[in-house]
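J.: here's my sequence, what's the structure:
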Amino acid sequence: MTSHRPPRDRHVRVLATLGPASSTPEQIRALYEAGADAFRVNMSHGDDAGKLALIAAVRSLEGRLGRPMTILADLQGPKLRVGRFADGRVDLETGAAFRLDLDPAPGTASRVQLPHPEILAVLRPGHRLLLDDGKIVLRVVEADDGHALTEVVVPGTLSNNKGVNVPDVMVPLPALTSKDRHDLSLALEAGVDWVALSFVQRAEDVAEARKLIGGRASLMAKIEKPSALDDMDGILELSDAIMVARGDLGVELPPEEVPGVQKRLVGMARRAGKPVVVATQMLESMIVSPSPTRAEVSDVANAIYDGVDAVMLSAESAAGKWPVEAVSMMDAIARKVERDAAYQQQVGFVETLPEPTTADALCAAARSIQATVGARAVVCFTTSGSTARRVARERIPANILVMTPKLSTARRLGLTWGVHAIHTRDIGSFEEMVAKSKRMSLRNHVAVPGDRLVVMAGVPFGVPGSTNVLHVVRVVGDELDRHTRR
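T.: Residues are numbered from 1 along each chain as shown. Reported below is the predicted structural model:
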């Protein structure tokens, strides 16, 4: 990777979903130029060939631009659905009795198949069933292993194969279906950088996926089930990042609880030093409109004020009429928020106490030194990316220039707050570290002559997890002329 494109004029990352509206190389490049820092491939849709084509298009763009590109494969997870109706749909009225059972016969106004015996086995009187994204609510009156008799609490029209949410119980289903295992193998063979795991309910779900991934990609746990909130410490410990997936989470939780849960999850991830992505319906109206609502802009801005690592576009960039405009709007909101004088106070509200390690102590010191001497950038040399993530956790108001000899590390850091990662040869001495910091900061436009840099690395060089050097240098005007280009 040899391109020296300047970093984005913001720290938060933009994750854009690819789809029918953004599937060609030209469209993907347009999203990148508009501000997309990473690309999501939704494994729920399309065939294998289509998914592989999207991944290949991003890698082709990476080669043309000379910049590491980040690809996230989002697994579908179990999809709980009712069966089909004799007439395609029925109207359910308040107070009516409605039966869910295992009988595959076409449904009527009084019953329909629920082809999930695992759910029927755990339902108890009083439990709720939310149908069609919560538009219809049923309450269980009686249940056994073969059926559940319910009362309609919130009425509506129910049609074929609509989704079912069960918020009051942990569903005894694994997070990975046979389809997910196939998609995971496909994505890993294609070389994706991140895998997002859906339907996470407990830490064991993450452990199973991590074992299958085997270090070939980083793992992001999607928090969309209320049961996951009861095991967040374990889930976060086993994950490389989390996504606040407000779609299903907003269906299964009372809507008024979602903002508080979002802030709690963001705070937990930031304290752990792991990337956190906020997703779902961020600029939803831009699926059909060239401009968002003011409420949507405020929603995106509030997530950025909270210090999230990335904000995500779903259908807005995948299937909407205005994909490039949606990315441009997300980029504009982020830049405006980060220029607000109140941003640094807000983003520093989460206290990130260092662990009792040399690396954490140095990263905490780097923030203080940067503020004191007004350093333009923090330069990190890393193999695994851990130093970069620690520095990003401090939310230092400066560029974070990361140099790594591992292309996979550079790619995976594309979802980390403020990081501009470069794939380059490793260093072998202290003198080379200083010289390369100055040279690359100039080439990549993160500093100008006269600026100070805070440089972090580990000695011996090239050994992962050995960050033990913090050095302050000043860039001079002839750095590019005095050193051999590498």
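
J.: who does the host helix or strand of residue 195 touch, helix- and strand-wise?
T.: According to DSSP states H and E, residue 195 maps onto strand 194-197. The contact analysis (3 or more Cβ pairs under 8 Å, 6 or more residues apart in numbering; DSSP states H and E) places strand 194-197 against strand 70-74, helix 178-190, helix 203-213, strand 218-223. Every residue, glycine included, has its C-beta placed from N, CA and C.

J.: what's the angle between the first one and strand 218-223?
T.: What separates the directions of strand 70-74 and strand 218-223 is an angle of 50 degrees, with axes from the mean of the first three to the mean of the last three Cα atoms, to 10 degrees.

J.: residues contacting the closest residue in space to residue 143 that isn't next to it in sequence?
T.: Of all residues not flanking residue 143 in the chain, residue 123 sits nearest, at 4.1 Å (Cβ to Cβ, 6 or more residues apart in numbering). By Cβ atoms under 8 Å, 6 or more residues apart in numbering, the contact set of residue 123 is 129, 140, 143, 148, 166, 169.

J.: against residue 96, how distant is residue 123?
T.: 18 Å (Cβ to Cβ, to the nearest Å).

J.: what about the residue lying closest to residue 376 once chain neighbours are set aside, neighbour count?
T.: Using Cβ to Cβ, 6+ apart and skipping the chain neighbours, the partner closest in space to residue 376 is residue 451 (3.9 Å). For residue 451, the neighbour count with other Cβ atoms under 10 Å is 20.

J.: was I right about residue 451 contacting residue 474?
T.: Yes - between residue 451 and residue 474 there is a contact at 7.2 Å, judged by Cβ atoms under 8 Å.

J.: any chance you could give me the strand holding residue 195 in CSV, C-alpha atoms only?
T.: What follows is strand 194-197, C-alpha atoms only, in CSV (Å, rounded to 0.1, in the frame of the first residue of the first chain):
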residue,chain,number,x,y,z
TRP,A,194,-14.7,-8.3,10.4
VAL,A,195,-17.6,-10.6,11.0
ALA,A,196,-20.8,-9.4,12.8
LEU,A,197,-22.6,-12.0,14.8
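
J.: so what touches that strand?
T.: Contacts of strand 194-197 (Cβ under 8 Å, 6+ apart): 38, 40, 70-75, 77, 175-176, 184, 187-188, 205-206, 209, 213, 217-222, 240-241, 243, 412, 415.

J.: pull out the buried residues from those.
T.: The neighbour-count criterion (16 or more other Cβ atoms under 10 Å) marks 38, 40, 70-75, 77, 175-176, 184, 187-188, 205-206, 209, 213, 217-222, 240-241, 243, 412, 415 among the contacts of strand 194-197 as buried.

J.: any idea which residue sits dead centre in the chain?
T.: When Cα atoms, centre = their mean is applied to the chain, the residue found nearest the centroid is residue 277 (3.8 Å).

J.: partners of the helix or strand that contains it in the sheet?
T.: Taking DSSP H and E as the criterion, residue 277 maps to strand 276-279. Partners of strand 276-279 in the sheet, by DSSP bridges, are strand 241-245 (parallel), strand 310-313 (parallel).

J.: just send these back as CSV, with mean pLDDT too.
T.: CSV is the format used below for the strands paired with strand 276-279 (pLDDT from 0 to 100):
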stretch, mean pLDDT
strand 241-245, 97
strand 310-313, 98
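
J.: what's the closest of the ones you listed to residue 375?
T.: For the strands paired with strand 276-279, the distance to residue 375 is smallest for strand 310-313, at 24.7 Å, taking Cβ to Cβ.

J.: how far does that closest one sit from its chain's centre?
T.: 7 Å (Cα atoms, centre = their mean, to the nearest Å).

J.: could I get the strands paired with strand 276-279 as JSON lines with distance to residue 374?
T.: Formatted as JSON lines, those follow (distance: least, Cβ to Cβ, whole Å):
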{"stretch": "strand 241-245", "distance to residue 374": "31"}
{"stretch": "strand 310-313", "distance to residue 374": "28"}
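
J.: picking up where we left off before, adding distance to residue 456, write the helices and strands packed on strand 194-197 out as JSON lines.
T.: Shown next, in JSON lines, are the helices and strands packed on strand 194-197 (distance: least, Cβ to Cβ, whole Å):
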{"stretch": "strand 70-74", "distance to residue 456": "22"}
{"stretch": "helix 178-190", "distance to residue 456": "31"}
{"stretch": "helix 203-213", "distance to residue 456": "28"}
{"stretch": "strand 218-223", "distance to residue 456": "21"}
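
J.: tabulate those (a markdown table), appending distance to residue 444 and mean pLDDT.
T.: Conversion of the helices and strands packed on strand 194-197 to a markdown table gives the following (distance: least, Cβ to Cβ, whole Å; pLDDT from 0 to 100):
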| stretch | distance to residue 444 | mean pLDDT |
| --- | --- | --- |
| strand 70-74 | 17 | 98 |
| helix 178-190 | 28 | 97 |
| helix 203-213 | 31 | 97 |
| strand 218-223 | 24 | 98 |
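
J.: strands of the stretch 51-200 of the chain, residue ranges please.
T.: 70-74, 89-92, 97-101, 111-113, 128-131, 136-143, 147-154, 156-159, 164-165, 194-197 (DSSP state E, counting those that start in this stretch).

J.: all set, thanks.
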